[in-house]
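>>> fold the following.
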Amino acid sequence: MQKTGTKPIPTAAFERHFTIPELSKLWSIDPGAVRHMFKDEPIVVRFQTAPKGDKRSSTTYSIPESTALRIYLCHTGASGDDAAPTDSNAGPAVDRVAKRVRRRDSPAEGDAGDPESEQGANAVPIQPISAIHTKAKKLRIVSGDNPASLADVPEAKPVRQKFALSAEQVRTVLSMLKEPVRTMTLSAVLPSMNVSELCGLRWKHVNLTPEWATMDGDGLPPFTLAVRQHFSRGEVGTLKTGSRKRNVPLPDVLVQSLAGLKSRPHFVGPDDAVFCSRRGTPVDQNNVRRRVLAVIGKTLNLTRLSWHIFRYSHATFTESIGMHARDRQALMGHGALDQTDRYTMEDLKRMPAGLDKIAGMITGEVETVQ
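Reported below is the predicted structural model:
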């Protein structure tokens, strides 16, 4: 340890050092922004590699812990003489980076993300700041009050209330949709498939015949749909939990709708998407939500209309008709039930009857359950 005045300052050579990717992960800041923050710091050690073949030269930063703490506290607005940058040009640079990060982290106007999980643009990460300041005080790098104690916690935004459509509303929505989105919506309401599962559905996963079929070496019962994969962000992926992998019985109304889709002249091979665009690619769920569902929602004066609303509606319908709890869990692909329900098994004979009853409610063939 070397001393400056009365405060011991850790020697940089004996401290823990961080790389740019490590600080980027710790602070949740873009690596380019972190690199810019330390660009003019004289204490930072830089290792430069010469270009080799097709690879360009690169610079690896080795940043002492005390320097990283000081710059982070400056970036987050900490007070105290020791929190100020030693280099006169570092202050404006850090300020510019802070503004850039705030712009990047702020939700864009008209963002399609889930508003229930959004935070304000000026939300303060109080716990990380408090922990870093406490560590810095132990190292005697900073002095004064903890800046986290002076931060104003933003008022929590109210969470949107969940709601489900009535059978009449579902019927109206279906009447306003064109294929394949109409059958896609019906598949979300009846078998309760989520939108990524719908986009990942292939014709080999669908059995529209009264005979058993073979799918990837497994048997597929008559009039059954197999949920085996999902399609999200342009890629086919595996299901997130084992309970998502399930076989779902198809009510008559959905068998007829799917048969109508399969009668199209193209894209009906085993590995073709069931719900596809004119080019054969899976339907873009976000485009449909913004350009079709949102418009219909406004026309019908609904609070909102999204793919997940159809899942809420399915859960409401199955509860209203008294469907067995285990069957409801199996249809939705959920993995948890109360301890007592773990001893019950879904009945493949009960489920089709329940789905047929819901289908009758939507088509108006049976009386709606109040």
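
>>> can you pull out the low-pLDDT segments for the stretch 201-350 of the chain?
241, 335-350 (pLDDT under 70).

>>> which stretches of it form strands?
Assigned by DSSP state E, counting those that start in this stretch, the stretch 201-350 of the chain shows strands spanning 206-207, 213-215, 218-220, 224-227, 230-232, 235-237, 246-249.

>>> so what touches the third one?
Residues lying outside strand 218-220 but in contact with it, judged by Cβ atoms under 8 Å, 6 or more residues apart in numbering, are His205, Asn207, Trp212, Ala213, Thr214, Ala226, Asn247. C-beta here means a position set from N, CA and C on the backbone, and glycine is covered the same way.

>>> how much space between the first one and Gly297?
Spelled out, it's His205. Distance, His205 to Gly297, by Cβ to Cβ, to the nearest Å: 29 Å.

>>> same drill for these two, tell me which one is more crowded.
More neighbours surround His205 than the other of His205 and Gly297, with 22 against 17 (other Cβ atoms under 10 Å).

>>> check contacts around the nearest residue in space to that one that is not next to it in sequence.
Spatial nearest neighbour of His205, excluding adjacent residues (Cβ to Cβ, 6 or more residues apart in numbering): Ala226 at 4.3 Å. Ala226 makes contact with His205, Val206, Asn207, Met215, Asp218, Leu220, Arg246, Asn247, Val248, according to Cβ under 8 Å, 6+ apart.

>>> with distance to Leu331 added, can I get the contacts of strand 218-220 in JSON lines?
As requested, the contacts of strand 218-220 are arranged in JSON lines below (distance: Cβ to Cβ, whole Å):
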{"residue": "His205", "distance to Leu331": "16"}
{"residue": "Asn207", "distance to Leu331": "17"}
{"residue": "Trp212", "distance to Leu331": "21"}
{"residue": "Ala213", "distance to Leu331": "20"}
{"residue": "Thr214", "distance to Leu331": "24"}
{"residue": "Ala226", "distance to Leu331": "13"}
{"residue": "Asn247", "distance to Leu331": "10"}
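
>>> coming back round to it: including distance to Thr303, could the strands of the stretch 201-350 of the chain go into a markdown table?
As requested, the strands of the stretch 201-350 of the chain are exported to a markdown table (distance: least, Cβ to Cβ, whole Å):
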| stretch | distance to Thr303 |
| --- | --- |
| strand 206-207 | 33 |
| strand 213-215 | 39 |
| strand 218-220 | 38 |
| strand 224-227 | 28 |
| strand 230-232 | 25 |
| strand 235-237 | 31 |
| strand 246-249 | 28 |
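
>>> tell me which stretches of the chain form helices.
Ranges of helices within the chain are 20-27, 31-37, 65-75, 90-105, 126-138, 167-175, 181-189, 195-200, 252-262, 285-288, 294-299, 307-320, 325-332, 350-363, based on DSSP state H.

>>> out of those, nearest to Phe47?
Proximity to Phe47 (Cβ to Cβ) singles out helix 20-27 among the helices of the chain, at 11.8 Å.

>>> buried residues in stretch 265-272?
In terms of neighbour count (16 or more other Cβ atoms under 10 Å), stretch 265-272 has its buried residues at Phe267.

>>> now do stretch 36-56
When burial is assessed from 16+ other Cβ under 10 Å, stretch 36-56 yields the following buried residues: Met37, Phe38, Glu41, Val44.

>>> quick check: mean pLDDT across it?
In this model, stretch 36-56 carries a mean pLDDT of 78.

>>> endpoints of it, how far apart?
For stretch 36-56, the first-to-last residue distance is 19 Å (Cα to Cα, to the nearest Å).

>>> same check on stretch 260-267?
End-to-end distance of stretch 260-267: 13 Å, with Cα to Cα as the criterion.

>>> quick revisit: deepest-packed of the helices of the chain, please.
Highest mean neighbour count of these: helix 195-200, a mean of 24 (counted as mean count of other Cβ atoms under 10 Å).

>>> that older thread, out of the contacts of strand 218-220, which are buried?
Neighbour-count burial (16+ other Cβ under 10 Å) applied to the contacts of strand 218-220 gives His205, Asn207, Ala213, Ala226, Asn247.

>>> and the two most separated of those?
So, the buried ones among the contacts of strand 218-220 by Cβ to Cβ: farthest apart are Ala213 and Asn247, at 11.4 Å.

>>> okay, and for the stretch 1-150 of the chain, where does confidence drop off?
Where the stretch 1-150 of the chain drops to pLDDT under 70, the residues are 1-14, 53-55, 75-129, 133, 142, 147-150.

>>> how about a cut-off of 80?
Confidence mapping of the stretch 1-150 of the chain against pLDDT under 80 gives the ranges 1-15, 27-29, 48-58, 72-150.

>>> the protein - how does it break down into domains?
2-101+124-150, 167-363 (automatic domain parsing).
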